[in-house]
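Visitor: Kindly generate the corresponding structure for this input.
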Amino acid sequence: MAKLGEVCLINPKSCTLRDDTEVSFIPMTKVGEHGEFDASEIKNYSEVKKGFTNFQNGDILFAKITPCMENGKGAIANNMKNGIGFGSTEFYVLRPDTDKITSEWLYYLTTWKTFRKEAERNMTGSAGQKRVPKTFLENYVVNLPDIDTQKSENKILRKVDDLIFLRKQRLSKLDELVKARFVEMFGDFEFNPKEFPVYHLCELCDVGSSKRIYQEEQSISGIPFLKVADLNELIDTGKYSCSTFIPLERYEQLLHKELTPTENDILITSRGTLGKCYIVQSDDEFYFQDGMISWLSNFSPKVSSIYISYLFAQPYIQKQIESLQAGSTVAYLSIAMLKKINVILPPKKLQDDFATFVRLAPGFIDVHTHGAAGVDVNAADEAGLRRIAAFFATQGVTAFNASVLTDTPETTEKCLGAIANVMSDRGKGAQLLGAHLEGPFLAREYKGAMPEYLLREGDENLLRAYQNIRRNHYL
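Guide: Here you go, the predicted structure:
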């Protein structure tokens with residue numbers, strides 16, 4: 001066990017160089033939420049020696065201010081001009097003692113959800129300007145393996161990163177296809193060649209946020225209370241791991257007053273990364289932080305949620321958001337700003353045709369899955385299976401087969417019944433194609449991880465019973 005302050009320098013002293021020495025300049029925008037690091041901008045030392053944070057190749061950058069910290073901004077500094085960089089003062093610089101800890105292992109530590117959540121709980125300062133104190137990093141205790149073990153773990157984590165990168169590439173290609181179809185159907189909105197009518201967003205829906213939930217109303221259990229980092233996680237992965245809740249009684253009060261989001265409403269990130277959209281699903285049960293997250297509801301019959309969510313990803317909207325930020329030191333999208341957004345509105349039939357394309361766009365088919373988004377197929381009810389389907393749709397998977405592990409007949413029948421009912425869903429996430437039974441009719445010598453006491457000899461009657469529940473749907 002060791003404290004971070006014992007194995008790395010936190011904010012080491014800045015170097016001194018000749019004024020004409022070229023160095024890399026890395027503002028907060030050049031550091032991503034998944035380790036991305038862009039060192040291409042070059043400045044002379046004389047331009048950056050005052051008012052910026054200094055670092056060198058191999059240092060870890062850790063964003064300390066909200067919401068950049070919660071969103072995961074951080075990276076290993078690399079490939080910098082002359083090995084030296086300067087950037088935002090909102091970075092902590094962690095310089096590893098290479099005899100004790102590797103740069104990669106230290107970086108992966110700072111990306112762990114448990115680390116980030118603990119950092120969030122220790123933030124100080126006023127709302128919107130909260131920062132992780134240096135003392136948190138200095139005193140954070142970590143179970144530190146030896147250097148050889150760290151290097152072995154780094155190899156495994158790099159492979160995981162590579163798989164994630166490949167998945168993102170595939171999703172990016174699918175996203176490009178959908179965006180290309182958007183332009184093909186509606187034209188380039190920079191010029192509005194089809195002369196569709198233009199409305200302010202507030203003319204098409206209600207634009208607002210949640211009822212303010214004060215800190216003393218929050219709790220450690222109950223209904224999840226999403227902050228902007230949690231919403232970003234939900235948009236990117238289909239699930240969230242928030243650490244803040246509100247009591248069920250408080251949520252029911254809000255629900256009774258119709259102050260909670262309902263199916264097909266849209267939540268929009270309004271701090272940090274601006275304009276990312278999440279379409280509320282029928283089984284969602286959470287509340288969210290006002291100000292940081294905006295809420296579009298009560299849509300006019302002439303507009304669809306899917307159209308609006310994809311419109312917000314278009315340069316046409318993003319440029320409007322950027323122009324509204326003029327003179328602002330913090331990326332923020334207020335309700336007043338949102339109301340001013342100009343929306344080009346094609347006919348509803350055309351919007352609906354686009355929504356159908358989005359649902360049917362070419363994608364992956366997952367033929368063997370035991371769950372996703374925190375849901376286990378063997379324990380899932382219909383709502384759980386629909387959550388899996390909604391998550392897969394965000395990951396480029398258009399259809400999937402639910403795999404049921406060897407279990408008791410009662411549990412298996414319950415799983416198959418839920419699967420059969422959800423298979424009839426259309427246009428609500430990835431399509432559930434059927435069930436894949438992993439047992440119980442397995443040879444004991446080839447049972448793998450299946451519990452031996454649940455294995456059975458071939459039983460035609462039981463198999464037919466299962467088949468009837470699934471309405472003869474097999475792969």
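Visitor: Distance check, residue 398 against residue 433.
Guide: Using Cβ to Cβ, to the nearest Å, residue 398 is found at 10 Å from residue 433. Glycine gets a C-beta too; all of them are placed from N, C-alpha and C.
Visitor: Which neighbours do these two have in common?
Guide: Residues touching both residue 398 and residue 433 (Cβ atoms under 8 Å, 6 or more residues apart in numbering) are residue 365.
Visitor: What segments of the stretch 1-150 of the chain are strands?
Guide: 2-3, 8-10, 22-26, 42-44, 53-56, 60-63, 74-76, 84-87, 91-96, 141-142 (DSSP state E, counting those that start in this stretch).
Visitor: Low-confidence bits of the stretch 351-475 of the chain, can you list those?
Guide: Along the stretch 351-475 of the chain, segments meeting pLDDT under 70 span 360-363, 394, 396, 426-428, 470-475.
Visitor: Now do the strands for it: every range, in order, please.
Guide: 364-369, 371-372, 375-376, 397-405, 431-438.
Visitor: got CSV for the ones you listed, with mean neighbour count and distance to residue 90 too?
Guide: Shown next, in CSV, are the strands of the stretch 351-475 of the chain (neighbours: other Cβ atoms under 10 Å; distance: least, Cβ to Cβ, whole Å):
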stretch, mean neighbour count, distance to residue 90
strand 364-369, 15, 38
strand 371-372, 20, 34
strand 375-376, 16, 37
strand 397-405, 21, 37
strand 431-438, 20, 44
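Visitor: Past the least confident helix or strand in the chain by mean pLDDT, which element shows up next along the chain?
Guide: None of the helices or strands of the chain scores lower by mean pLDDT, DSSP states H and E than helix 147-186, at a mean of 76. Per DSSP states H and E, the first helix or strand lying C-terminal to helix 147-186 is strand 198-200.
Visitor: tell me which residues of the helix or strand following that following strand are tucked away?
Guide: Next along the chain after strand 198-200, taking DSSP H and E as the criterion, comes strand 206-208. Neighbour counts over strand 206-208 (16 or more other Cβ atoms under 10 Å) mark 207-208 as buried.
Visitor: Partner strands of strand 206-208 and their direction?
Guide: strand 293-297 (antiparallel) (DSSP bridges).
Visitor: Tell me the helix or strand right after the partner strand.
Guide: The first helix or strand that comes after strand 293-297 along the chain, using DSSP H and E, is helix 305-311.
Visitor: neighbouring contacts of that next one?
Guide: Outside helix 305-311, the residues that touch it by Cβ under 8 Å, 6+ apart are 178-179, 182, 189, 204-205, 264-266, 277-279, 296, 299, 317, 343-344, 346, 351, 354-355, 358.
Visitor: From the residues you listed, list the buried ones, please.
Guide: Buried members of the contacts of helix 305-311, scored by 16+ other Cβ under 10 Å, are 182, 189, 204-205, 265-266, 277-279, 296, 299, 317, 343-344, 346, 351, 354-355, 358.
Visitor: And stretch 293-308, end to end?
Guide: Stretch 293-308 has an end-to-end distance of 16 Å (criterion: Cα to Cα, to the nearest Å).
Visitor: Would you mind checking the average pLDDT for that stretch?
Guide: Regarding stretch 293-308, the rounded mean pLDDT is 95.
Visitor: returning to that earlier point: need the winner for burial among the strands of the stretch 1-150 of the chain.
Guide: strand 60-63 (a mean of 26; mean count of other Cβ atoms under 10 Å).
Visitor: Using CSV, lay out the strands of the stretch 1-150 of the chain together with mean pLDDT and distance to residue 333.
Guide: Below are these laid out as CSV (pLDDT from 0 to 100; distance: least, Cβ to Cβ, whole Å):
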stretch, mean pLDDT, distance to residue 333
strand 2-3, 90, 39
strand 8-10, 94, 33
strand 22-26, 95, 24
strand 42-44, 95, 30
strand 53-56, 94, 27
strand 60-63, 94, 19
strand 74-76, 94, 23
strand 84-87, 94, 24
strand 91-96, 94, 24
strand 141-142, 90, 37
